[in-house]
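Peer 1: I'll drop the sequence and a predicted model, then ask my questions.
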Amino acid sequence: MSDDARLGEARPSERESTGKPPARALPAGPAGDAGLRLREAARALATWDFGVVAVTVGFLVVASMTVEHFGTARNAGYIILDLAPILLLALTMTLIVTTGEIDLSVASTVGLTSAAMGVMWNGGMALETIMPVAVLLGAALGAVNGLFVTGFGLPSLAVTIGTLALYRGLAYVLLGDTAVADWPRLFTGWTLGRIGDSAIPNVLVPMAVLAVICGVLLHATPVGRSIYAAGANPIAASYAGIAVGRLKFWLYVASGAMAGLVGVLWTLRYSSARADNAAGLELTVIAVVLLGGVSIFGGKGALPGVLAAVVLLVSVQNALRLAHVSTEALTVVTGSLLIVAVLAPNALGALRTALRRRRTTATGRTA
Amino acid sequence: MTTVDSRTGSTWLDLVLRFRALGLIVALVALVGVTTALNPRFLSGQSVRDLLFAAAVTLLLACGMTVVVLTRGIDLSVGSVLGLSAYVTGSALSATGMPTVFALPLGLAVGAACGTLNGAIIHFGRVPPLVATLGTLYVLRGVVYFAAGGSRINASDLPPGFLDFGSGDVLGVPYLFAVSVLVLAAVGVFLGRYRAGRDLYALGSNPEAARLAGVPAGRRLMTAYVLSGALAGLGGVLYAARFGTVDASAGYGMELDVVAAVVVGGVAIFGGSGTTLGAGLGALLLTVIDNALPVLRIDQFWQQAIVGALILAAIALDRLVSVRAARALRRKGSHV
Amino acid sequence: MSALARDPDPPPPVVSLTGVAKSFGAVRALRDAKLDLHAGEAHALVGENGAGKSTLIKVLAGVHRPDAGTVELDGRPVAFADTAAAIDAGIAVIYQEPALFGDLTVAENLFIGRQPKGRFGLIDRAVMNREAAALFARLGVHVDPDRPAKGLSIADQQLVEIAKALSRRARVLVMDEPTAALSGVEVERLFGVVRSLREDGAAVLFISHRFDEVEALCQRVTVMRDGAHVSTDLLADVTVEELVRRMVGRELGAMFPKQVVEPGPVVLEVEGLTREGLCRDVSFTVRAGEIVALAGLVGAGRSEVVQAVFGIEARDAGQVRVGGRGLPSGNPRAAMRAGVALVPEDRRGQGLLLDLSIMRNATITRRNRLSRFGFLVGGAERRAARDWSARLNVKYGRLQDPAGTLSGGNQQKVVLAKWLATDPKVLVVDEPTRGIDVGTKAEVHRLLSALAADGVAVLMVSSELLEVLGMADRVLVMREGRIAGELGRAEATEEAVMRLATGQEAAA
Amino acid sequence: ACGGTTQGEDDGGGPAGGASADPNADFETGLTYAMLPKSVNNPYFEASSAGAEAAVNALGGEFEYTGPSDASASSQVSYIDTLSQQATDVLLLSANDPNALCSSLEQARAGGTVVVTFDSDVDPACRDLFVSQVDSAEVGLALLEMAAEQIDATGEIAILSATANATNQNAWIDVMEAELESNTSYADMELVDVVYGDDEDEKSFSETQGLLQAHPDLKAIISPTTVGIAAAARYLSGSEYKGQVALTGLGTPNQMREFVQDGTVTEFALWDPTALGELAAYTGAAAASGIITGAEGEVFTAGDLGEYTVGADGVVTLGPPTRFNADNIDDFDF
Ligand SMILES: Nc1ncnc2c1ncn2[C@@H]1O[C@H](COP(=O)(O)OP(=O)(O)OP(=O)(O)O)[C@@H](O)[C@H]1O
Ligand SMILES: Nc1ncnc2c1ncn2[C@@H]1O[C@H](COP(=O)(O)OP(=O)(O)OP(=O)(O)O)[C@@H](O)[C@H]1O
Ligand SMILES: [Mg+2]
Ligand SMILES: [Mg+2]
């Protein structure tokens, strides 16, 4: 536009105002540029994701050196199998929590889809049709959550506590106290099987694919931007032309569908369709999402951290079992992990600011 | 500007605003009515006593939960705290055979200690409440496991006086329920009519503004979590007194019920608004549902589903009321 | 200096800040700030956006701890641990951004932490509401003390903030752009009250970008630039031009660089627009190349109108057409697709994603256009953001910093940037220069008229009469939700506008 | 695409046949034993583990008692995987689900671990032996018999069970229902309701309340679970129904003692869980030492418990349940 140039000229000292830190423009004192760069680097590194990833890697290394059987490919396989449902549910949960909402009903949705599968199987349907139907059922259940949250504007925590009970209850209505177990080995075998003769479980493939999809969606697409915006300030988001309600609705549908998928995997892995499948898993999923650095108030967080958190939690439990540590300790560790993981970065942050204060005071005096 | 006559056309509106609990009471009455119609025994002395007994503990915890939720917080550790306090008091009573009167203060102390832990982690550690208390939920439960292991405190180990306190009543009102209601009322007054109480609302409504207005956030948050913890501790004592048996799983998974009660009671989950009265009614409503379904001979497998559906219905109703209120407010605030 | 030279033996300052420094990460908000406040004086503090004014008073108010420098009260050095300490020391602050408790009643907002007590230390609500009502009466405004603060317009919120500060009967009253959202009438009343406080011996610090107000209220003025003290004089000794030069360190072009352009075809048509209880039967048109202003007293319903035009709020009746095509009610996306942009009045509430980075904020409205094959990769966003912050001279540390860390005015610039970036056919701006310093204000005005010259239809809501008169081709004056009259550029004078706005026309 | 996989096309792997047994072999020493209960922190399993540990010490092996804190199949799977990596010789398991554990158990057995289930069985194809506290029929009949004696075989009865999918409880309930149908001497007894306390004290407690309110004419409650019967007894003893409504089922003497003494409960039954654990350990040892393979008819000696014979499907049965009443209850302590 013709006036841009003029706008530019309007300010002779444009360099100063085009976003170089004022600290550069002003005499920066003895600490100087080098010090500044150091601090910038430090800040860049001290992001939450980095913290969790680092801790996870560190743990894996130490554990495989100290804990017998931990470092083996076989054990890695078990770990992946164990974390699969948590990780899958955490993917969509991350998206939802980033918009400032929550979905406590995921585990119950898994249970209900699993029970439904059992009923359909007993009804003589083909597994090839049952599986997609189960995923669709999950999506529908998610849509119900979405409707209550976005349509009627009810607090998602309340709604999904309600559906947590409702869906679990319906699961019992469907299957009661029975369990459906005669699943074809062809399929149950696949869920436990390994790729070729490697130690890598088959389930890793869909997991990886879905993780990448969610990661890209959240971090490299307009939708992702909208998700963060909706979480940071819904009003401003709608002023920016984002259909916040619709966005959240579809995220709930996605979460439901994901739970449906997990229901299928769960049923086949344990070759047992039961009303109480995955009971209580929701808290674990929330735990890893928070551990992964996603803000419960929305607008903050990233997927890599969450993925690392899942690996960390599951492998810690695995290592403790291998090390013959009692269940009690396992519970305590899980909890402490959650707290410490959040405490530590804060403590570091406090330390850094303290340091910086002393530095700048020094420069302040010399200035 | 907003030229407003604070009185005109706002009588029912004020009622609703001051008394959001209206919808709940309606629901409660309706439910009891229907149940009694179908099975008169539901209002027989025995079953009413049972109902009040069952409500007592949830009521207490919901009361504490309200206080923290008002500050934009949440306390998921209540179930574990209850378990810990129940076990500690139980074993103290059975082991040392100390007089029953000391049970309450002991339980309160245990709970308050846990609350202090939560508060410290949240305030000094700057850990979001949900994370912190989800953590202590695990940690404290683990502690209970350590302490209790596979052992179990049986009614026979507990002093009869304590059990009498658990099952006795005045004029048909169980002691336990009476205790809960007294606590509820006290906390209600504290929140509604004392400066410190109002500060909690302020903190939840707009933390940054609270800081600018010089509200002592640290002290208030601590108060909230210690209170919540202490009440959960007290709940533990009532639990032990009522059931006489305490094992490592006491209060397991209770947190979600309590949160449900609070939310159904119309306490805003993101802080700033709500009353203990509402939360209490929420707790009562859920307990009545739990007790009514078996009485109505509703198939076991349907019960949980129905509870869920009713929770949804309750919050939807509450929402309806508050939306009405907001719209009226708008009109009230406008000037054309 | 000169101020004190004039006065044979000056009383010791009530408050004096010296050598104050404060940094936020890489940003050095204050380097070497200095300020003296005397009892019974109204002291103006002026400076560009981001000069450090708000930060300085936040140091005084105990919000921030200074990295270096001293704060003295009655000549005694103090270090406020928190805001409570400062409040106890008799310092009351009206912050730049209203910070109310939406869930509490207006009265409780005023008295939080010091509510009047009755028996057993219980809060006495009746007394509290009475005192609140009295305060508002003193300000000559009517806000129901018993209604929740939620839903108050930005203006009413600011009035509540003012009442809050006044109610503390402080010895030091600090006002950070209290008038930004107010219009003439409220401002006059406010000044009346402030003067009486000053005569009672209170020291008043007044931050504003409106020099007419500064001259109307203050005796002395301190100029800040880049976080440092520049000068302190008696107002009588300096001209506005001189002050502006010291603030921005250069000469300023015309304040209202209005370009006369031949208006093109009608782009925006509003017909019989009605929103229950907020505005009624509003009709007007805006042609390409035109700047049309919506003037009126605060609360006249202007924001409601423009919000309905953009579709934020559904309209109860009426039509909105852009380029002849009707817009669906309550659908901002459709409005954006039709080429409408709205710069909302409440930048923090409606404009910004405070926790997200400056970059995200500046590019969120263009997230789709900036994406390649549906993916946002590479530096497209970064380039766009840097480019636009440069055009509007946003002063920031790093593009990744949260927008919330920007100074008030710079936040406003980011909001402008994100909407101008969509190069709209119809640009609707609600209080576009609220809290923006003179330099930038001139640029925004230049920008608006340049956009008009390019054939954009501009609809401007402003409470600042000079701005309205300086920029508008036509002025629509609203009163109590209705359009009270329309004035051409020629007939639009302060008197004419105020008469329509206040409804004295009938009397005259 | 293809016709589709539907029921019946496939049946799980058959029982693990294999090496022939050598009845005269000695018990190997130095074996590692792991006991995996439904969930830890449960007094009943604590008792079993005590018995098993004693046996293992006698056999000169290593004993570990480990398991999840929640009684869910999925968490048991993780523990089985862990144990099979550590190549435990003998796994003593009480299963939370008859099928969910199979694939993990198969891997464990492939790694040479002998899998002996006790208290609650899995699909016979997935384990070597099952040590049954009693056979389902006997328990079901005994429970019904006790109830009948206490209400002289007339009136409404109800059942307060554990979780809705508890394998053994459901088996016993089936037996009772069948018996009520067939046996004429129970003609005047009617089973009006089955409710589930999920083996949670509190839930069982309120379910009992519900039962009594829903069925004013209820004569007896049968609770085939230690948690349930204790909770029910405690409710009854504190309510107006005390003495009016009979209560029987499976409970531990220590929990029920006071209620037998105060007349709330006349008679209830249980096997000795300690002995059960002990037998499980010996069975595992025998199988690991090649003394038995799990085939029907094989015989082995379980320490001072005496001699036992492997029944059909590799089931070893402890014996009929012990009945406890005012006369004998003080002779037991578990
Ligand atoms: N909390 C914060 N974190 C980081 N930077 C900050 C923070 N607060 C202020 N700043 C920076 O400090 C500088 C001064 O901000 P300040 O709000 O004092 O300016 P101001 O003089 O009030 O401007 P305006 O007239 O627009 O209000 C700005 O560059 C701003 O970006
Ligand atoms: N969300 C709301 N809820 C209730 N009343 C509102 C709301 N928004 C605005 N109002 C009222 O509607 C009237 C017009 O609103 P507003 O003050 O925005 O008009 P305005 O002319 O744009 O004033 P301003 O100069 O503040 O923009 C005012 O009385 C205001 O109090
Ligand atoms: Mg400012
Ligand atoms: Mg406005």
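Peer 2: Perfect, I can see it now. Ligands and ions are numbered 1, 2, ... in the order given.

Peer 1: avg pLDDT for stretch C:399-414?
Peer 2: Stretch C:399-414 carries an average pLDDT of 88.

Peer 1: Please see if it touches chain A.
Peer 2: Yes - applying CB under 8 Å from any CB of the partner chain, one finds stretch C:399-414 in contact with chain A at C:Leu399. Every residue, glycine included, has its C-beta placed from N, CA and C.

Peer 1: got the contact list for the closest residue to ligand 1 within the stretch 101-250 of chain D?
Peer 2: Per CB to the nearest ligand atom, D:Glu202 is where the stretch 101-250 of chain D lies closest to ligand 1, at 49.9 Å. Residues in contact with D:Glu202, defined by CB atoms under 8 Å, 6 or more residues apart in numbering or on different chains, are B:243, D:231.

Peer 1: could you say which helix or strand contains it?
Peer 2: helix D:201-214 (DSSP states H and E).

Peer 1: Likewise for A:Val216?
Peer 2: helix A:204-220.

Peer 1: Can you give the contact residues for whatever helix or strand comes next after that helix?
Peer 2: Downstream of helix A:204-220, the next assigned helix or strand under DSSP H and E is helix A:222-232. Residues outside helix A:222-232 that contact it (CB under 8 Å, 6+ apart): A:95, A:98-100, A:217-218, A:236-237, A:240, A:242, A:244, A:247-248, A:251, A:295, A:297-300, C:353-356, C:360, C:363-364, C:367-368, C:371, C:374, C:376.

Peer 1: same check, this time on stretch B:131-140
Peer 2: Residues outside stretch B:131-140 that contact it (CB under 8 Å, 6+ apart): A:283, A:286-287, A:290-291, A:296, A:331-332, A:334-339, A:342, B:74-77, B:79-81, B:83-84, B:114, B:117-118, B:121-122, B:125, B:127, B:255.

Peer 1: Now with 7 Å, please.
Peer 2: A:283, A:286-287, A:290, A:331-332, A:334-336, A:338-339, A:342, B:74-77, B:79-81, B:84, B:114, B:117-118, B:121-122, B:255 (CB atoms under 7 Å, 6 or more residues apart in numbering or on different chains).

Peer 1: And for stretch B:253-270?
Peer 2: A:155, A:157-158, A:161, B:20-21, B:24, B:58, B:61-62, B:65-66, B:69-70, B:72, B:74, B:76, B:78-79, B:82, B:137, B:274, B:278-283, B:285-286, B:311, B:314-315, B:318.

Peer 1: where does C:Val456 fall, phi/psi-wise?
Peer 2: phi -80, psi 140 (degrees, to the nearest 10).

Peer 1: ok, it touching C:Lys425?
Peer 2: Yes - in this structure, C:Val456 is within contact of C:Lys425 by CB atoms under 7 Å, at 6.4 Å.

Peer 1: who has more neighbours, the two?
Peer 2: In this view C:Val456 and C:Lys425 are compared by other CB atoms under 10 Å in any protein chain shown, and C:Val456 has more residues nearby, 24 against 17.

Peer 1: pLDDT weak spots in chain B?
Peer 2: Within chain B, the segments meeting pLDDT under 70 span B:1-20, B:325-336.

Peer 1: mind listing what the residue nearest the centre of it touches?
Peer 2: What sits nearest the mean C-alpha location of chain B, by CA atoms, centre = their mean, is B:Ala62, with 0.6 Å. B:Ala62 makes contacts with B:258, B:261-262, B:265, B:279-280, B:282-283, as judged by CB under 7 Å, 6+ apart.

Peer 1: Among those residues, which one lies nearest to ligand 3?
Peer 2: Distance to ligand 3, by CB to the ion, is smallest for B:Val262 among the contacts of B:Ala62, at 39.4 Å.

Peer 1: host element of the closest residue to A:Leu283 other than its chain neighbours?
Peer 2: Spatially, and ignoring its direct neighbours in sequence, A:Leu283 is nearest to B:Leu134 (6.8 Å; CB to CB, 6 or more residues apart in numbering or on different chains). According to DSSP H and E, B:Leu134 maps onto helix B:129-148.

Peer 1: List the buried residues of that helix.
Peer 2: By 16 or more other CB atoms under 10 Å in any protein chain shown, the buried positions in helix B:129-148 come out as B:129-145, B:148.

Peer 1: next one: stretch D:310-323
Peer 2: So for stretch D:310-323, counting by 16+ other CB under 10 Å, buried means D:310-311, D:314-319, D:321-323.

Peer 1: wouldn't C:Thr363 be in contact with C:Ser371 here?
Peer 2: No - between C:Thr363 and C:Ser371 there is no contact under CB under 7 Å: 10.4 Å.

Peer 1: quick one: which of those two has more around it?
Peer 2: A direct count of neighbours by other CB under 10 Å for C:Thr363 and C:Ser371 places C:Thr363 higher, at 24 against 18.

Peer 1: mind checking which helix or strand that one is in?
Peer 2: helix C:358-363.

Peer 1: Repeat that for C:Ala181.
Peer 2: Counting by DSSP H and E, no helix or strand carries C:Ala181.

Peer 1: How about C:Asn368?
Peer 2: Here C:Asn368 is assigned to helix C:367-370, by DSSP H and E.

Peer 1: what about the very next helix or strand once past that helix, near ligand 1?
Peer 2: Downstream of helix C:367-370, the next assigned helix or strand under DSSP H and E is helix C:380-391. No - for helix C:380-391, no contact with ligand 1 is found by CB under 6 Å from any ligand atom; the gap never falls below 11.9 Å.

Peer 1: what packs against helix C:380-391?
Peer 2: Contacts defined by 3 or more CB pairs under 7 Å, 6 or more residues apart in numbering or on different chains; DSSP states H and E place helix C:380-391 against helix C:358-363, helix C:367-370.

Peer 1: quick one, that helix and helix A:222-232 angle?
Peer 2: Angle of helix C:380-391 versus helix A:222-232, following axes from the mean of the first three to the mean of the last three CA atoms, to 10 degrees, is 60 degrees.

Peer 1: and the angle for the helix or strand that comes right after helix C:380-391 with helix C:380-391?
Peer 2: From helix C:380-391 onward toward the C-terminus, using DSSP H and E, the following helix or strand is helix C:408-420. Between helix C:408-420 and helix C:380-391, the angle formed by their directions is 120 degrees, by the same axes, to 10 degrees.

Peer 1: can helix C:408-420 be found next to chain B?
Peer 2: No - on the criterion CB under 7 Å from any CB of the partner chain, helix C:408-420 is out of touch with chain B, staying 14.7 Å away.

Peer 1: Each with direction, which strands does the following helix or strand past that helix pair with?
Peer 2: Using DSSP H and E, the helix or strand that follows helix C:408-420 in sequence is strand C:426-430. Sheet pairing here is set by DSSP bridges, and for strand C:426-430 it gives strand C:340-343 (parallel), strand C:457-461 (parallel).

Peer 1: Looking at the ones you listed, spot the one closest to ligand 2.
Peer 2: Evaluated over the strands paired with strand C:426-430, closeness to ligand 2 peaks at strand C:457-461, with 6.1 Å, by CB to the nearest ligand atom.

Peer 1: For the closest one, give the mean pLDDT please.
Peer 2: Summarised as a single mean, pLDDT over strand C:457-461 is 95.

Peer 1: Over to stretch A:235-251?
Peer 2: Rounded mean pLDDT across stretch A:235-251 is 95.
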